[in-house]
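pasting the structure only:
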Ligand SMILES: [Zn+2]
């Protein structure tokens with residue numbers, strides 16, 4: 001499907017999915033406006049509004065650059081979100097049409113319970129001295145995932161970073177050695193140690209860590225407008241902090257470092273502080289969004 005056709009389908013589905021919102025609005029969708037992806041828990045939508053420099057979702061400001069903006073929906077988002085798109089340089093005739101408001105119904109998902117046993121006791125209930133290290137590593141991750149890059153790497157679209165059996169999915173409630181822990185924010189791809197890990201999209205490396213308590217050897221990438229991804233439990237990292245990578249570049253190798261029962265890649269994705277489902281980037285959004 002070519003991008004123009006895709007946008008037509010997306011716009012049709014937006015109208016179809018939100019008939020009540022469309023009916024309430026006396027205005028039609030403004031020219032040039034595009035919104036791609038699904039409003040679903042864990043999902044990402046890519047918006048394009050070339051005439052705008054201010055967007056809010058549920059009254060929170062959303063960064064916009066070159067007309068592009070990203071909407072992330074967390075694990076428990078919904079049932080609806082309110083998107084408001086303002087217009088810069090308002091003319092008198094624009095007053096009735098802007099700001100453009102759209103009500104997004106967020107599709108609910110069901111999450112399973114994943115039990116993992118046989119983890120080292122200390123990796124589930126860390127010792128007091130481990131907590132200092134865990135907090136320091138948490139700060140490093142937060143800094144690397146603060147999403148400062150304005151370069152729009154996500155426009156390359158996304159491909160799977162590694163091939164293998166999916167051994168863990170986004171959102172599952174985790175019971176580790178019988179103890180409830182935070183949900184699983186990412187997708188696990190089981191593959192032999194040494195399997196290449198490739199950049200799923202263009203971006204900049206913001207962190208390479210030799211070995212974290214939970215995550216083991218780790219890489220963080222920034223794809224622009226607050227979208228960051230992580231690659232953890234690696235056996236090897238082949239990039240440097242600050243390095244620009246292209247989609248398909250080998251960045252590391254699958255391993256079982258940190259809290260892991262066997263070799264696999266944990267792939268996580270976040271929009272600003274919202275954990276989203278990386279599997280939806282590759283399955284729900286196969287087409288990159290092209291410019292005008
Ligand atoms: Zn995982």
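Ah, there it is. Small disclaimer: the values here were computed from a predicted structure and weren't measured.

for burial, what's the neighbour tally of residue 265?
For residue 265, the tally of surrounding residues (other C-beta atoms under 10 Å) stands at 27. All C-beta atoms are positioned from the backbone trio N, CA, C, and that covers glycine.

and residue 139, by the same measure?
Using other C-beta under 10 Å, residue 139 has 9 other residues around it.

next, the buried residues of the helix or strand containing it.
Here residue 139 is covered by helix 128-144, with elements defined by DSSP states H and E. Going by neighbour count (16 or more other C-beta atoms under 10 Å), the buried part of helix 128-144 is 137, 141, 144.

between the residues you listed, which sits nearest the ion?
Using C-beta to the ion, residue 141 is the member of the buried residues of helix 128-144 that lies nearest the ion, at 14.3 Å.

was I right about that closest one contacting residue 219?
No: judged on C-beta atoms under 8 Å, residue 141 makes no contact with residue 219 at a distance of 11.2 Å.

tell me, what's touching the two both at once?
Common neighbours of residue 141 and residue 219, using C-beta atoms under 8 Å, 6 or more residues apart in numbering, are 207, 230.

ok, back up a step: closest to residue 29 out of the buried residues of helix 128-144?
Within these, proximity to residue 29 (C-beta to C-beta) peaks at residue 144, which comes in at 36.6 Å.

which ones are touching that closest one?
Per C-beta under 8 Å, 6+ apart, neighbours of residue 144: 206-207, 220, 222, 228.

for the stretch 151-292 of the chain, what lies in contact range of the ion?
The stretch 151-292 of the chain has residues 168, 186, 188, 266 near the ion, with proximity defined as C-beta under 5 Å from the ion.

which residue, neighbours along the chain excluded, lies closest to whichever residue of the stretch 51-200 of the chain sits closest to the ion?
Using C-beta to the ion, the single residue of the stretch 51-200 of the chain nearest to the ion is residue 188, 4.1 Å away. Nearest-residue entry for residue 188: residue 168, 3.2 Å, with adjacent residues in sequence omitted and distances by C-beta to C-beta, 6 or more residues apart in numbering.

correct me if wrong: the one you found contacts residue 184.
Yes: contact criterion C-beta under 8 Å: residue 168 and residue 184 qualify, at 5.6 Å.

more neighbours: those two, which one.
Neighbour totals were compared for residue 168 and residue 184, and residue 184 leads with 22 against 17 (other C-beta under 10 Å).
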